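Colleague: Please work out how this folds:
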Amino acid sequence: MLSKTLLAAFTALASAQSDIPLSPRLNNILSHAQQGPLYTYPTSLTQGIVPKAFHSHNDYWRPLPFYSALSVGAVSVEADVWLYNSTLHVGHEESALTSARTFDSLYIQPILSVLHQQNPPSIYLTGALANGTRNGVYDTAGGQTLYLFVDVKTNGTTTWPVVVKALQPLREAGYLTTFNGTGVTPGPVTVIGTGNTPLNQVQGVEPRDYFWDAPVRCPSDEPRRLAILTPKRRFPHSTQHSQTLPPPSPQSPRPTSPCNLATSRTALSIPPTPLCSLPKSQSRTRRVLRSGIGTSLGGQ
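Modeller: Numbers count the residues shown, from 1 in each chain. The predicted model follows:
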């Protein structure tokens, strides 16, 4: 597929300078792009895709869940999960659920497949990298994590443990962002529970490799740097908007406040804005909380 795309690009370029035709021999060489070890780039699956700070809301509505978002550089995707007969099904409502469209088939396995392709074995991996790399899904920014929001629709108490178990393939591969009780170790995928995800099954669990999506109430005592998601961008051939995230920036500690659910946490760093001054429609924010709950949405 990629070789056809490259060939089409070269052909278009040749047409643009038709007054200087390419020689048959050069055309023949170009036709062998992505063929053989010389012209095959090992991590070319997402080559050229620049990650962008926006969220693919209700990602399962895309033509190809996860892959459509990947193709345009989304750093965050969301899946609604429903637990029936010990299986996590994905869809917006019960009538849209099928036996084939599961959390594992639409997200866990595709993400795992992409990460395997972005972290191929190599004889040149030695020392600290002897056991393999932990690059993210984007070839242009290997340190960028993919935020995977899991929106629990059924009973959270019974559903969330199944979600945690479903993460095992990513966990075994060492691809998840983790929290050990004192600090966060970034990984290629950061899993965030939302919807009916019970706080008491996240906060206080140490170590863990999942976080919690918290609504930030109006902090009247201090301005906050807020991670506001607002409708901004559409995917091609999609009827559902995506949501824009502020650009990534380094994490910075936040002072303890009555508004906090635990101690010192971080959010995306954007210009300080009191939540009370925001439009009512934006009063609920996505914020992944640190120190007992979560970590920043900013890129690594």
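Colleague: Make sure H89 is indeed in a helix.
Modeller: No. Using DSSP: H, G, I helix; E, B strand; the rest coil, the assignment for H89 is strand, not a helix.
Colleague: Check the burial of it by counting its neighbours.
Modeller: 23 (other CB atoms under 10 Å). The C-beta positions use only the backbone N, C-alpha and C, and glycine is treated the same way.
Colleague: Bridge partners for it, pull those for me.
Modeller: Beta-bridge partners for H89, by DSSP bridges, are W82, T102.
Colleague: how near is it to T185?
Modeller: 31 Å (CB to CB, to the nearest Å).
Colleague: And the strands in the protein?
Modeller: Using DSSP state E, the strands of the chain run over 52-56, 74-84, 87-90, 146-152, 178-179, 184-185, 189-195, 211-214, 230-234, 241-244, 287-288.
Colleague: just the helices in the stretch 1-150 of the chain please.
Modeller: Assigned by DSSP state H, counting those that start in this stretch, the helices in the stretch 1-150 of the chain fall at 2-16, 24-30, 67-71, 103, 109-118.
Colleague: Around P21, count how many other residues there are.
Modeller: Neighbours of P21 under the rule other CB under 10 Å: 11.
Colleague: for the stretch 101-250 of the chain, which spans come out with low pLDDT?
Modeller: For the stretch 101-250 of the chain, the stretches flagged by pLDDT under 70 are 215-250.
Colleague: hang on, the earlier thing: out of the strands of the chain, flag the one nearest S44.
Modeller: In terms of CB to CB, the element of these nearest to S44 is strand 146-152, at 18.3 Å.
Colleague: Need the winner for burial among the strands of the chain.
Modeller: Ranked by mean neighbour count, the strands of the chain are led by strand 287-288 with a mean of 26 (mean count of other CB atoms under 10 Å).
Colleague: average pLDDT across that one?
Modeller: Strand 287-288 carries an average pLDDT of 40.
Colleague: which residue packs closest to D213, ignoring adjacent ones?
Modeller: Of all residues not flanking D213 in the chain, T194 sits nearest, at 3.6 Å (CB to CB, 6 or more residues apart in numbering).
Colleague: That neighbour: what's it in contact with?
Modeller: By CB atoms under 8 Å, 6 or more residues apart in numbering, the residues touching T194 are 78, 149-152, 212-213, 286.
Colleague: From L30, how far off is it?
Modeller: 47 Å.
Colleague: Give me the buried positions along stretch 162-178.
Modeller: Buried residues in stretch 162-178, defined by neighbour count with 16 or more other CB atoms under 10 Å: 162-164, 166-167, 170-171, 173, 175-178.
Colleague: Residues contacting that stretch, please?
Modeller: Identification of contacts with stretch 162-178 by CB under 8 Å, 6+ apart yields 81, 83, 86, 88, 103-104, 108-109, 111-112, 115-116, 131-132, 134, 145, 150, 152, 184-191, 193, 197, 207-211, 295.
Colleague: Please repeat the previous calculation with a cut-off of 7 Å.
Modeller: For stretch 162-178, the external contacting residues (CB atoms under 7 Å, 6 or more residues apart in numbering) are 81, 83, 86, 88, 103-104, 108, 111-112, 115, 134, 145, 150, 152, 184-191, 193, 207-210, 295.
Colleague: Straight-line length of that stretch, end to end?
Modeller: With CA to CA, to the nearest Å as the measure, stretch 162-178 spans 18 Å from end to end.
Colleague: What is the neighbour count of T126?
Modeller: Residues lying near T126 (other CB under 10 Å) number 8.
Colleague: Same question for I111.
Modeller: The tally of other residues near I111 (other CB under 10 Å) stands at 22.
Colleague: got a list of what it touches?
Modeller: Contact analysis of I111 by CB under 7 Å, 6+ apart lists 66, 146, 170, 189.
Colleague: Quickly check these for the two that are furthest apart.
Modeller: Spatial extent of the contacts of I111 (CB to CB) is set by the pair F66 and L170 at 12.9 Å.
Colleague: Which parts of the chain belong to which domain?
Modeller: Domain ranges of the chain: 2-40, 46-288, per automatic domain parsing.
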